[in-house]
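Participant: following is a predicted model, sequence given first.
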Amino acid sequence: MAKLQKTTTSLIGLIAAFTLVRGQDFGYEGKKGPSHWGEQYNTCFGKFQSPIDIDSLTVKHAKLPPLKLNDSNVPPDQTVIKNNGHTVMVSIEADQRPTITGGPLGGTYEFAQLHFHWGENDTMGSEDSIDGHSFPMELHMVFYKKQYRNIRSAMENSDGLAVLAFFFNLDDKDNPNYIEITELLSNVSEPETSAPFTRLNSIQDLILSDLDEYYTYHGSLTTPPCSEVVTWIDFKQSIPLSHAQIELFRTIQDNEGHHLTHNFRPIQPLGGRDVYFVTSFTGGDNDSYGEFEKDDTRLEDPPQDLTQTNSDYKQSTLMETTTYRTVTNDNEIDRKPVHEQDHNELVEPTTIDHRNVHKPGRNIASDCRTSTLWLIISLHCIVSIIYSVNIY
Ligand SMILES: [Zn+2]
């Protein structure tokens, strides 16, 4: 009888955890707003959170090998846009998924999804800001470190994710590359709806080709669970978009049936972190190093990985310049398809609360072998595997 009671209790607990994971119970206003996220997700009160304001006059300068975006122009089998109640997210189905290497990254990172953040009007909307300046919208292209096999496992490691962040600037003309996606917004105005692209050639069309100048720092997801596992790469060059195109993003509905007029998290404390402004160098010893040529700040041994702790940063070979100044123009995980090992399968977006979900891989397998409640644990295993993490 006691055993039956224990089993029942476990089952109820499992259902409760399942409900919590599926809840995505956060928003951008009131009691669900950013100032309350930490009550349910402790990490949101962490020391190295995102977004931040980047001070271009105090950033450290570095020259690193080029950041390479591979296979981004390969047409996917399918590209889908989805309203998940917090943003609109673009995901792909493809045998060959885009990857990024080089720059500050120590390894190969594979594409998971991209999504957008925007504001109530064109004076706000980006998450990171530059010298106190906010941009009207920001694109986040989310990658996970391939050696961790899936995004959920990657989120257990400080170097697990890399996010390419592109700011948008206001332009008088519509951006032709954004015509289809803005047209599709009316098809996904309600939460948990999606629509396929038919004209978009590849996700490369939504971003910039110049990846040579960017800011980078170590931070967190900008939505719960706010895990501090992200190498942020914010490009200096921004993407043009018209007011009319940005306005259409504000028309989609959130989970409460209201227009999602804004979905950016407020600026978080820098907490003593170093932020770098990186210019790529190419070629061999005889190559020019452009504006850094006179600074004598070339890296003898470029760091393999900037996704380390802040103290690790200080011990790196990065050097600070005093003569170069950055000029910014006037104008910066839910997720989806969190792809498990089978990248062809689109997995339902969810939010993971790490306090309630077993860690993947070895821990789950061990539990499954040893627990007398093997049936319940097995069910838990299945839930844990199917409902992986999403990132906004
Ligand atoms: Zn985001």
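Facilitator: Sure thing, it's come through.
Participant: mind listing the strands in the stretch 51-200 of the chain by residue range?
Facilitator: For the stretch 51-200 of the chain, the strands defined by DSSP state E, counting those that start in this stretch occupy 53-54, 60-64, 67-70, 78-83, 88-93, 99-102, 109-118, 129-130, 137-145, 161-171, 193-196.
Participant: quick one: strands adjacent to the next helix or strand after the last one?
Facilitator: By that I understand strand 193-196. Sequence order places strand 213-219 as the next helix or strand after strand 193-196, per DSSP states H and E. Strand pairing for strand 213-219, using DSSP bridges, gives strand 230-235 (antiparallel), strand 276-280 (antiparallel).
Participant: which of those is buried the deepest?
Facilitator: Most buried of the strands paired with strand 213-219 by mean neighbour count (mean count of other Cβ atoms under 10 Å) is strand 230-235; its value is a mean of 26. Just so you know, the C-beta spots here come from the backbone N, C-alpha and C atoms, and that holds for glycine as well.
Participant: not counting it itself, show me its contacts.
Facilitator: 50, 54, 67, 103-105, 128, 130, 159-167, 208, 210-211, 213-221, 306-307, 332 (Cβ atoms under 8 Å, 6 or more residues apart in numbering).
Participant: for the protein, just list every one of the helices.
Facilitator: In the chain, the helices defined using DSSP state H lie at 2-23, 37-40, 151-154, 179-184, 243-249, 310-315, 362-370, 374-386.
Participant: which of those helices comes out lowest on mean pLDDT?
Facilitator: If you rank the helices of the chain by mean pLDDT, helix 310-315 sits at the bottom with a mean of 34.
Participant: hmm, stretch 88-99 in reach of the ion?
Facilitator: No. Judged by Cβ under 5 Å from the ion, stretch 88-99 and the ion are separated, with a smallest distance of 9.3 Å.
Participant: export that stretch to CSV, keeping only CA atoms.
Facilitator: Provided in CSV are the C-alpha atoms of stretch 88-99 (Å, rounded to 0.1, in the frame of the first residue of the first chain):
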residue,chain,number,x,y,z
VAL,A,88,8.4,34.7,-33.8
MET,A,89,11.0,32.0,-34.5
VAL,A,90,12.4,30.6,-37.7
SER,A,91,13.6,27.1,-37.8
ILE,A,92,14.7,24.7,-40.5
GLU,A,93,14.7,21.1,-41.5
ALA,A,94,17.9,20.2,-43.3
ASP,A,95,20.5,17.4,-43.5
GLN,A,96,23.2,19.9,-43.5
ARG,A,97,22.6,22.6,-40.9
PRO,A,98,24.6,25.8,-40.7
THR,A,99,27.5,26.0,-38.3
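Participant: and the strands of the stretch 51-200 of the chain as TSV, adding mean neighbour count and distance to residue 184?
Facilitator: Output for the strands of the stretch 51-200 of the chain, formatted as TSV (neighbours: other Cβ atoms under 10 Å; distance: least, Cβ to Cβ, whole Å):
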stretch	mean neighbour count	distance to residue 184
strand 53-54	20	32
strand 60-64	22	36
strand 67-70	19	23
strand 78-83	21	5
strand 88-93	24	9
strand 99-102	18	26
strand 109-118	26	13
strand 129-130	22	28
strand 137-145	26	15
strand 161-171	23	17
strand 193-196	15	5
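Participant: make TSV from those strands and add mean pLDDT to it.
Facilitator: Shown next, in TSV, are these (pLDDT from 0 to 100):
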stretch	mean pLDDT
strand 53-54	98
strand 60-64	97
strand 67-70	96
strand 78-83	98
strand 88-93	97
strand 99-102	98
strand 109-118	98
strand 129-130	98
strand 137-145	98
strand 161-171	98
strand 193-196	98
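Participant: how about the closest residue to the ion within the stretch 51-200 of the chain: which residues does it bridge to?
Facilitator: Residue of the stretch 51-200 of the chain nearest the ion, by Cβ to the ion: residue 140 (3.5 Å). As for beta bridges, residue 140 partners with residue 115, residue 165 under DSSP bridges.
Participant: go through the strands of the stretch 51-200 of the chain and name the closest to residue 247.
Facilitator: Nearest to residue 247 among those is strand 109-118 (9.4 Å), distances taken as Cβ to Cβ.
Participant: ok, now which ones touch the nearest residue to residue 268 once chain neighbours are set aside?
Facilitator: The shortest distance from residue 268 to any non-neighbouring residue, by Cβ to Cβ, 6 or more residues apart in numbering, is to residue 49 (3.9 Å). The contact partners of residue 49, taken as Cβ under 8 Å, 6+ apart, are 219-220, 226, 228, 268-269, 271.
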